[in-house]
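1. Sequence and predicted model, in that order:
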Amino acid sequence: MLKILDLFCGAGGASHGYALAGFEVTGIDLKHGRRYPYTYIRRDVMSLTVKDLAPYDLIHASPPCQTFSITKHLRNAQGKGTDKLDLLQPVRDLLIKSGKPYVIENVKGAPLHNAVQVCGSAFGLKVRRHRLFESNIALKGTDCHHKQQGKPVGIYGSMRDEIPGGGHTAKTIDQANEAMGIDWMIWGKLVEAIPPAYTQYIGIELMRQLNAG
Ligand SMILES: C[S@@+](CC[C@H](N)C(=O)[O-])C[C@H]1O[C@@H](n2cnc3c(N)ncnc32)[C@H](O)[C@@H]1O
């Protein structure tokens, strides 16, 4: 079984998709891993060296994205601000140095290289949650099916908030989990997660190419 290391794994949205695609998953995050469903290592990603990555076939990284997110403006307007550091480039440097196949996932607006975009509407989800994927393996993004999707459910900021321009953030935690295709996260984790369908889709293609040699 191919082994993937999920850096900045949070509560495991991305990890779960890779597991569904058939990878053996290990996650690393600074926070406690109580809600994380796979093998978990609590550690600062910035302390990792190339040697730490050696046991894995593939590395995924979802560095904190608040620096680039368009919802940053909403958060600022709500007085919540953001003081997160940009960890993207140091992590990219480590991944390139490792020589391993890698994927970096982030929000629209993040400075990813040759990234493809994935949209929740392509999987029949009620979130749009556009996310970019950079990789040293050729990947394809998805189309958007916003019209067929109808009004999306927002999973950011606070629950039951009006969204400027129409619509609302999720009204209940069950609605939020269903919209994301997740059933084990609290709101604070859901707002940071990606739907597992995204990395299941990306993971199936990675698996195909890695197995082809
Ligand atoms: C965007 S979230 C990841 C969400 C995850 N990809 C998912 O789909 O559920 C970013 C995570 O990075 C973690 N984090 C931030 N800085 C870190 C660091 N230096 N080392 C390890 N984890 C870190 C945070 O605790 C947070 O869980």
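-> Looks like it arrived, so ask away.

2. Out of the helices and strands in the protein, which is least certain?
-> Here the helix or strand of the chain ranked lowest by mean pLDDT, DSSP states H and E is helix 71-77, holding a mean of 55.

3. Can I get the next helix-or-strand element following it in PDB, CA atoms only?
-> Per DSSP states H and E, the first helix or strand lying C-terminal to helix 71-77 is helix 88-98. Taking C-alpha atoms only, helix 88-98 is exported to PDB below (Å, rounded to 0.1, in the frame of the first residue of the first chain):
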ATOM      1  CA  LEU A  88       3.800  27.900   2.000                       C
ATOM      2  CA  GLN A  89       7.300  28.700   0.600                       C
ATOM      3  CA  PRO A  90       9.300  27.000   3.300                       C
ATOM      4  CA  VAL A  91       7.200  23.900   3.000                       C
ATOM      5  CA  ARG A  92       7.500  23.900  -0.800                       C
ATOM      6  CA  ASP A  93      11.300  24.200  -0.400                       C
ATOM      7  CA  LEU A  94      11.300  21.100   1.900                       C
ATOM      8  CA  LEU A  95       9.100  19.100  -0.500                       C
ATOM      9  CA  ILE A  96      11.300  19.900  -3.500                       C
ATOM     10  CA  LYS A  97      14.400  19.100  -1.600                       C
ATOM     11  CA  SER A  98      13.000  15.700  -0.600                       C
END
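
4. In helix 88-98, which residues are buried?
-> For helix 88-98, a neighbour-count test (16 or more other CB atoms under 10 Å) marks 88, 91-92, 94-95, 98 as buried. C-beta: built from backbone N, CA, C; applies to glycine.

5. Equivalent analysis for stretch 159-166, please.
-> Buried residues in stretch 159-166, defined by neighbour count with 16+ other CB under 10 Å: 159, 161.

6. Give me the contacts around that stretch.
-> 74, 151, 154, 168-173, 176, 187 (CB atoms under 8 Å, 6 or more residues apart in numbering).

7. Swap in 7 Å and give it another go.
-> 154, 168-171, 187 (CB atoms under 7 Å, 6 or more residues apart in numbering).

8. Might you calculate how far it sits from the centre of the chain?
-> 23 Å (CA atoms, centre = their mean, to the nearest Å).

9. Residue 103: neighbour count?
-> Residue 103 has 24 neighbouring residues, counting by other CB atoms under 10 Å.

10. If you count neighbours, what's buried in the longest helix along the chain?
-> In the chain, with assignment by DSSP state H, the single longest helix is helix 196-211. Buried residues in helix 196-211, counting neighbours by 16+ other CB under 10 Å, are found at 196-203, 206-207.
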